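Peer 1: What shape does this take:
(one chain, ligands or ions: 2)
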Amino acid sequence: MTGVSTPVIDRDYIAGFFHDRDIDLYAVVSASSLHAPAGRRPCDLLASAETMILFCLEMDKDLFSGTPAEISSKVRDFVRNIRDVEDDLTSALQGSGFEAKPVRSVILSGGTIKGELSLPHCAADAGLGEIGDNRLLISYRHGCRIGLGAVVTSIGMEETPRPEPSGEICTHCRKCIRACPEHALSPGTLDLFRCRNVTGSFPGFLLPVMVPFMRSGIRIPFSNRLLNLLANRKVNACADCLTSCPHFHQDPSDQGS
Ligand code: SF4
Ligand code: SF4
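Peer 2: Ligands and ions are numbered 1, 2, ... in the order given. Presented below is the predicted three-dimensional model:
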């Protein structure tokens, strides 16, 4: 009998998967090792979650240059590339008989918008980098010029090694805080309801109605579904807290692996 054999999914397979896609920064971690709050743990996303696989896709340095329409188009393509990698990995895992789910939804929690899982925090826990004052992951290899993707899965797998955190990547220079045109950032916090990329995704007539409700923490029926619809039409009106960071311009050759 002949047939297409399903691949053995292990660390070597994952290494080859990312190598084939020119992704040199990824981590495989045990789901239970991540410091996530109740309700936003890998097992809250996928009950059988044993492992989380995270990756960083490097951005082109000119991603945010050009007209607004050109930038939007480039950013949409970049996000689509991340989604495609997540979908390919999810399909490979499911094709081998494991449960798997990409991490991409947002929820309303505690009066603010959060990822279903906080990818920057999970990536920092996984040893990929550290969180900067711009609330983004600053990776050890590509600085903050990255996009994060992740899949949670039921397969158990050996973890990738985690470097000792240096605790010195973000220099607290405040360039990101000063660059924000909406004063959405302060050390350690980001008020997403001020961020232009969030406010710009709300239809104008909904903004003054929805934001106070969302901030209040009152449960609104279908709010998470609405948020995810809005997230899919998210505009890329601003990247100043990203591009103002010296780590956006970091040369990977300056960094160790
Ligand atoms: S701009 Fe400065 S303070 Fe902000 S994340 Fe980068 S290094 Fe940290
Ligand atoms: S993307 Fe722009 S508006 Fe949003 S927090 Fe960063 S600097 Fe502020």
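Peer 1: mind listing what the residue of the stretch 51-200 of the chain found nearest ligand 1 touches?
Peer 2: Ligand 1 sits closest to Gly132 of the stretch 51-200 of the chain, with a gap of 2.9 Å, by Cβ to the nearest ligand atom. Placement of C-beta: from N, CA and C, glycine included. With contacts defined as Cβ atoms under 8 Å, 6 or more residues apart in numbering, Gly132 is in contact with 138, 144, 169-170, 176, 245, 247.
Peer 1: Just send those residues back as TSV, with secondary structure and pLDDT too.
Peer 2: Shown next, in TSV, are the contacts of Gly132 (DSSP: H, G, I helix; E, B strand; the rest coil; pLDDT from 0 to 100):
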residue	secondary structure	pLDDT
Ile138	strand	94
Cys144	coil	93
Ile169	coil	89
Cys170	coil	92
Cys176	helix	96
Cys245	coil	95
His247	helix	94
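Peer 1: Quick check on those residues: which are buried?
Peer 2: 138, 144, 169-170, 176, 245, 247 (16 or more other Cβ atoms under 10 Å).
Peer 1: ok, Cys238 touching Arg196?
Peer 2: Yes - the criterion here is Cβ atoms under 8 Å, and Cys238 meets it with Arg196 at 4.3 Å.
Peer 1: Can you check which residues contact both of the two?
Peer 2: 181-182.
Peer 1: quick one: low-confidence ranges for the stretch 101-250 of the chain?
Peer 2: 105-115, 165-167, 204-207, 209-211, 213-235 (pLDDT under 70).
Peer 1: That one against ligand 2: which residues are in contact?
Peer 2: By the rule Cβ under 6 Å from any ligand atom, the part of the stretch 101-250 of the chain lying against ligand 2 is 179-182, 184-185, 190, 195-197, 238-241.
Peer 1: Now the residue nearest to Ala237 when sequence neighbours are not counted: phi and psi?
Peer 2: Distance criterion Cβ to Cβ, 6 or more residues apart in numbering; nearest residue to Ala237, sequence neighbours excluded, is Arg196 at 4.1 Å. When read as degrees, to the nearest 10, the backbone of Arg196 gives phi -60, psi -30.
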